[in-house]
Structures are given as C-alpha cells and as structure tokens.
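>>> please find the sequence and the predicted model below.
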Amino acid sequence: QVQLVESGGGLVQAGGSLRLSCAASGHTFWDMGWFRQAPRKEREFAAGVDWSGGSTYYADSVKGRFTISRDNAKNTVYLQMNSLKPEDTAVYYCAAGAAPRWYVGPDYGMEFWGKGTLVTVSS
C-alpha cells in the first residue's frame, strides 16, 4: 500500500512559478506521475518519472515549462511549474504505479492516487 500527500498548490499570476511536492509512504519504488483535472474536464496526464528518476515523460501542453523530479531518499516527487498559464488551473494529483500508461486515460495504469492540491493561475 502507498499513501500519497500532495502540497505546494496555491494562487499564482500568469507567468509565475510553483513547485508541487508529493510525499509517499509505504512501498515507494514505483513509477510516479502528476495528473491534473480542470473544472468540467477529464483528468489528464501532465508529467511522469520512472522509479529511478532516469526517465521522464511530459504532455505536450507542459513540455518545456514543467519539470518532474524525484528524491528517493526523501520519498518525494516534485513538479516544478514555470511560465504558468491560466489554462494550467486545475487540481493536481500525484499517483504511483508499477506499469503506467502515461498517455492512456482514464486511470493511466496508476494504482495509488493522492487527494490533490489546487493550482489557480490568474490572468
């Protein structure tokens, strides 16, 4: 079993930055990802990282602006978000899985999900 707790969300102006954190407990050597769900939209993949941190994956909509990383010694995954846009407004969820399907929803092959943290980008 894995417990995931996200933090770092908040209100930021367009063009600003935020860093989200996801603290994991339990068995933590999973592939990890960040997903987001905007109001009245389906949940979508944002960024993923394999268990070692050696491979990363991004949605086209965030590529070049967001960076995912992990610190296995701290059991924490990060999402650095730069050049934020109003369309990045969403609840951001951290998830863990052994065999993720990064680009195939709705569950993307992820087995454990956090409760989410809200990111609001004002124009």
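Arrived safely, thanks for sending.

>>> which residue packs closest to residue 35, ignoring adjacent ones?
Once flanking residues are discounted, residue 35 sits nearest to residue 93: 4.8 Å by Cβ to Cβ, 6 or more residues apart in numbering. Using the backbone N, CA and C atoms, a C-beta is placed for each residue, glycine as well.

>>> element containing the one you found?
Using DSSP states H and E, residue 93 falls within strand 90-97.

>>> helices or strands next to that strand in the packing?
With contacts defined as 3 or more Cβ pairs under 8 Å, 6 or more residues apart in numbering; DSSP states H and E, the packing partners of strand 90-97 are strand 2-7, strand 18-26, strand 31-37, strand 112-113, strand 117-122.

>>> mean neighbour count, these: which tops it?
Stretch with highest mean neighbour count among these: strand 31-37 (a mean of 24; mean count of other Cβ atoms under 10 Å).

>>> each with direction, which strands does it pair with?
Applying DSSP bridges to the sheet, strand 31-37 is found paired with strand 44-49 (antiparallel), strand 90-97 (antiparallel).

>>> if we can go back for a sec, for residue 67, which of the helices and strands packed on strand 90-97 is the nearest?
Taking Cβ to Cβ, strand 18-26 is the member of the helices and strands packed on strand 90-97 nearest to residue 67, at 9.4 Å.

>>> and stretch 52-68, what's its mean pLDDT?
The predicted model assigns stretch 52-68 a mean pLDDT of 97.

>>> now the terminal residues of that stretch, how far apart.
Taking Cα to Cα, to the nearest Å as the measure, stretch 52-68 stretches 12 Å from start to finish.

>>> quick one: that stretch to chain centroid distance?
Distance, stretch centre to chain centre, for stretch 52-68: 10 Å (Cα atoms, centre = their mean, to the nearest Å).

>>> can you give the contact residues for it?
Identification of contacts with stretch 52-68 by Cβ atoms under 8 Å, 6 or more residues apart in numbering yields 32-34, 44-50, 69-70, 72, 77-84, 87-88, 102-103.

>>> that older thread, got CSV for the strands paired with strand 31-37, with distance to residue 117 and mean pLDDT too?
Below are the strands paired with strand 31-37 laid out as CSV (distance: least, Cβ to Cβ, whole Å; pLDDT from 0 to 100):
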stretch, distance to residue 117, mean pLDDT
strand 44-49, 13, 98
strand 90-97, 6, 97
